[in-house]
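> Sequence and predicted structure, then a few things I'm wondering about:
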Amino acid sequence: MNCSEILNNGKNFLKKNNIKSPILDSELLLSKVLNKTREDILLNSNHILKKHEINRFNSYLLRRQLNEPIAYILGFKYFWKYKFVINNSVLIPRPDTELIIEECLKYLPNDKSKKILDVGTGSGCIVVSLLKERSKCKATAVDISRKAINVAKTNAKLHQLENKINFINIDIDKYKSNNYDLIVSNPPYVSSIEFKRLDNDIKFHEPILALSGGSDGFRDLRKVIVKSKKLLKINGKLVLEIGHKQKNQCTKILYENGFYINKISKDLSGKDRCIVSSRL
Ligand SMILES: C[S@@+](CC[C@H](N)C(=O)[O-])C[C@H]1O[C@@H](n2cnc3c(N)ncnc32)[C@H](O)[C@@H]1O
């Protein structure tokens, strides 16, 4: 069987199983099997596959049929300007979260050495992207999940930042070190009702610890805000990712905890997604 034939089989199989992007997914899975780019494969569509390559491709198709996200099967995801290793212990980095990077960078001058804390680091995509842009900064990244911390450490190493980021496996509630210039967090913020409505790809495959923000969706946002009040320097910045319906309640919690709201930004689809505030 050649590339063109196997891609056609893959496409038909995924389509029949209601997978949303059957052509792209088949191409990505074959590129993983052959360790070649999609372009290379399409340019050499007559290339004959070996038996073990066909078997591997078919095993990936079966995983995709069960709604496993393509990023977990591939084992990586691009975020900001970089490639991140991922597995099902961490949230798949989202393009919307790149907004957080843009906002943080505005408060991290190129020539200054600022102290950053990333709460709920997951794959480490936020903290690694920030430190790649700001070589003078130093950071701590915490996560309640030991497995997530291991993935984040792998990514820090991949991007030669292992000496600049201190990774700690801890619940933010128990974290004590203070004096940060900037705290950034994309905490779990999905409410119980919204959780039930999530796509199967997300609901059954991404870690619940990374998604569920308790019954109202504010359990962890509240924790991060209350804790940041203690951990930030005066006038230090708190940059939060929020759910698109959480702006009003989140603003209220920030005011109650002595923060000034600097800015609320919208994501790529025009929804409120990021709040920047300052500790007064
Ligand atoms: C939405 S994910 C964000 C992952 C990554 N920062 C990103 O933006 O892709 C939230 C992360 O917070 C972690 N987390 C949840 N509760 C926590 C807590 N109480 N303390 C520290 N980390 C927590 C989860 O394990 C998960 O990795």
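Looks like it arrived, so ask away. Residues are numbered from 1 along each chain as shown.

> Quick check: residues of this structure near the ligand?
Residues of the chain lying close to the ligand (CB under 6 Å from any ligand atom) are 90-91, 93, 97, 119-123, 125-126, 142-145, 148, 171-172, 186-188, 209-210, 220, 223. The way it works is simple: take the backbone N, C-alpha and C, and place the C-beta from them, glycine included.

> Make a PyMOL selection of whichever of the residues you listed turn out to be buried.
Filtering those down to the buried ones (16 or more other CB atoms under 10 Å) takes a single PyMOL command:
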select buried, resi 90+91+93+97+119+120+121+122+123+125+126+142+143+144+145+148+172+186+187+188+209+210+220+223
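
> Of the residues of the chain next to the ligand, which belong to helices?
125-126, 148, 209-210, 220, 223 (DSSP state H).

> List the contacts of the residue nearest in space to the middle of the chain.
Centroid-nearest residue in the chain, with CA atoms, centre = their mean: Pro93, separated by 2.4 Å. By CB atoms under 8 Å, 6 or more residues apart in numbering, the contact list for Pro93 reads 77, 79, 84, 86, 122-123, 125.

> Format those as CSV; extra columns: pLDDT.
Putting the contacts of Pro93 into CSV (pLDDT from 0 to 100) gives the following:
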residue, pLDDT
Lys77, 98
Phe79, 98
Phe84, 98
Ile86, 98
Gly122, 98
Ser123, 98
Cys125, 98
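
> Out of those residues, flag the one nearest to the ligand.
The closest of the contacts of Pro93 to the ligand turns out to be Gly122 (CB to the nearest ligand atom; 2.5 Å).

> how close does that closest one sit to Asp143?
Distance, Gly122 to Asp143, using CB to CB, to the nearest Å: 6 Å.

> What ranges does the stretch 101-250 of the chain have for its strands?
Per DSSP state E, counting those that start in this stretch, the stretch 101-250 of the chain carries strands over the ranges 115-119, 138-143, 165-169, 180-185, 232-241.

> Tell me which of these sits most buried.
By mean neighbour count, with neighbours taken as mean count of other CB atoms under 10 Å, strand 115-119 ranks first of the strands of the stretch 101-250 of the chain at a mean of 26.

> partner strands of that strand, parallel or antiparallel?
Partners of strand 115-119 in the sheet, by DSSP bridges, are strand 138-143 (parallel), strand 180-185 (parallel).

> could you dump the ones you listed to JSON lines with mean pLDDT?
Below are the strands paired with strand 115-119 laid out as JSON lines (pLDDT from 0 to 100):
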{"stretch": "strand 138-143", "mean pLDDT": "98"}
{"stretch": "strand 180-185", "mean pLDDT": "98"}
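
> Present the ones you listed as a markdown table; the columns should include distance to Asn9.
Listed next are the strands paired with strand 115-119 as a markdown table, based on distance: least, CB to CB, whole Å:
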| stretch | distance to Asn9 |
| --- | --- |
| strand 138-143 | 40 |
| strand 180-185 | 44 |
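
> Nearest to Pro69 among these would be which one?
Minimum separation from Pro69 across the strands paired with strand 115-119 (CB to CB) falls at strand 138-143, 19.8 Å.

> related to what we said a few turns ago, tell me the phi and psi of the residue nearest to the centre of the chain?
The phi and psi values for Pro93, taken as degrees, to the nearest 10, are phi -50, psi 130.

> Leu221 versus the residue nearest to Ile168 when sequence neighbours are not counted, what's the distance?
In space, and not counting its chain neighbours, Ile168 is closest to Val142: 4.8 Å by CB to CB, 6 or more residues apart in numbering. Per CB to CB, Val142 is found 16 Å from Leu221.
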